[in-house]
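K.L.:
One predicted model, sequence on top.
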Amino acid sequence: MRAFSCDNCGQLVFFENSLCLRCSRALGFVPDRLEMVVFDPSGDDGLRPCANATLAECNWLLAANDRGSLCLSCGLTRTRPADADAAGLAAFAKAEAAKRRLIFQLLDLRLPIGGELTFDLLSSYTGPVVTGHDQGVITIDLAESNDARREQRRAELGEAYRTMLGHFRHEISHYYWPLLVEQAGQLTAWRELFGDERENYERAIQRHYELGPPADWSERHVSAYATMHPWEDWAETFAHYLHIRDSLQTASEFGLMVAGPVATDDDSLAALPPADTSEQPFDAVIEAWLPLTYALNAVNRSMGRDDLYPFTLAPAVIAKLAFVHHCVRSRTSAIADITRAY
Ligand SMILES: [Zn+2]
Ligand SMILES: [Zn+2]
Ligand SMILES: [Zn+2]
């Protein structure tokens with residue numbers, strides 16, 4: 001995420017702000033520009049707030065002459081809890097906040113958003129909900145917005161990490177698979193790393209829940225869930241890639257760097273996160289990332305919290321992440337080439 005500033009007074013403002021705490025001007029996020037801007041709520045400066053400003057606590061803006069009433073992010077949601085469902089709507093606002101972070105990153109990475117992509121944000125408190133992706137429709141269980149419930153699920157499943165943003169990142173990965181792999185002519189290379197996706201999915205799920213992951217899963221997979229089926233390995237790896245890209249961007253925006261201590265006999269921990277990792281080979285991304293995670297984990301432990309980054313990346317996992325980096329960069333540079341051609 002970028003570090004934004006108020007364009008009226010220069011104060012640091014966060015992605016979620018709808019007001020500058022220093023000069024009290026109304027603030028909102030303009031997705032076309034990827035910028036937080038001061039705006040006049042009367043609409044006189046050509047911008048107006050999203051109609052979900054209250055319901056979803058949305059701080060995104062639209063052009064005053066836009067025919068719709070919802071912002072780019074809220075407009076992607078097809079189903080939400082009913083107006084009478086107060087608990088569902090509170091969970092919905094939390095989920096939409098995580099989704100805006102997802103959509104920001106997709107725009108920032110210049111990954112396409114459109115076509116059939118829609119979200120159903122439903123709560124399993126009122127009926128069965130299966131989080132997942134099917135032909136562009138992403139379903140998220142809003143009950144996972146409840147911290148106690150999500151933490152309980154995380155512990156039951158033995159997971160190191162479980163967040164709403166993580167769920168969104170996992171599901172969007174399934175959405176991008178045809179585009180970034182199949183249609184990009186990457187299927188053969190992909191199968192060499194991730195396996196054969198033609199393996200029966202229902203049987204794979206059954207096997208996973210009956211037998212659990214192989215004991216040595218961490219040598220080849222970023223999570224135990226990733227062992228279930230090649231598609232889940234892709235989704236877990238791609239989501240992880242989005243975690244790394246976002247966290248490195250935030251570190252760079254705040255000028256975070258690591259310059260010690262000595263980690264081995266002849267080497268110190270050192271990392272200067274680059275401003276734009278899309279231009280970097282993946283080796284450089286990892287070189288900046290790992291020292292940062294050691295330092296941030298240590299900071300979290302100082303606060304008595306669990307590690308910020310509770311993962312170890314085996315060489316086979318880094319190879320898969322590098323492949324994701326290649327797929328994302330190929331797509332982005334293809335778009336840049338088209339833009340240049342006109
Ligand atoms: Zn201000
Ligand atoms: Zn909105
Ligand atoms: Zn999945």
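P.N.:
That came in fine, so what should we check first? The structure displayed is predicted, hence computed values, not measured ones. Ligands and ions are numbered 1, 2, ... in the order given.
K.L.:
ranges for the strands of the chain?
P.N.:
Taking DSSP state E, the strands of the chain run over residues 4-5, 12-13, 27-30, 35-38, 47-49, 61-63, 77-79, 118-122, 132-134, 137-141, 258-264, 267-271.
K.L.:
what's the closest of those to Leu179?
P.N.:
Judged by CB to CB, the one of the strands of the chain that comes nearest to Leu179 is strand 132-134, at 12.8 Å. Glycine gets a C-beta too; all of them are placed from N, C-alpha and C.
K.L.:
gap between Tyr201 and ligand 3?
P.N.:
10 Å (CB to the ion, to the nearest Å).
K.L.:
So which residues on the stretch 101-250 of the chain come close to ligand 1?
P.N.:
Within the stretch 101-250 of the chain, no position lies close to ligand 1 (CB under 5 Å from the ion).
K.L.:
quick one: contacts for Asp108?
P.N.:
Applying CB atoms under 8 Å, 6 or more residues apart in numbering, we find Asp108 in contact with Arg2, Leu34, Gln249.
K.L.:
Any figure for the gap between it and Phe14?
P.N.:
16 Å (CB to CB, to the nearest Å).
K.L.:
Neighbours of the residue nearest to His208 when sequence neighbours are not counted, how many?
P.N.:
Distances taken as CB to CB, 6 or more residues apart in numbering put Met228 closest to His208, at 4.2 Å, once the chain neighbours are dropped. Met228: 22 surrounding residues under other CB atoms under 10 Å.
K.L.:
Where do the helices of the stretch 1-150 of the chain begin and end?
P.N.:
Secondary structure of the stretch 1-150 of the chain by DSSP state H, counting those that start in this stretch: the helices cover 86-108, 147-157.
K.L.:
what about dumping the CA coordinates of the last one to PDB?
P.N.:
In PDB, the C-alpha atoms belonging to helix 147-157 read as follows (Å, rounded to 0.1, in the frame of the first residue of the first chain):
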ATOM      1  CA  ASP A 147     -12.300 -12.200  14.700                       C
ATOM      2  CA  ALA A 148     -13.200 -14.900  17.300                       C
ATOM      3  CA  ARG A 149     -14.800 -17.100  14.700                       C
ATOM      4  CA  ARG A 150     -11.900 -16.700  12.200                       C
ATOM      5  CA  GLU A 151      -9.300 -17.400  14.900                       C
ATOM      6  CA  GLN A 152     -11.200 -20.500  16.000                       C
ATOM      7  CA  ARG A 153     -11.200 -21.800  12.300                       C
ATOM      8  CA  ARG A 154      -7.500 -21.000  12.000                       C
ATOM      9  CA  ALA A 155      -6.700 -23.000  15.100                       C
ATOM     10  CA  GLU A 156      -8.900 -25.900  14.100                       C
ATOM     11  CA  LEU A 157      -7.300 -26.100  10.700                       C
END
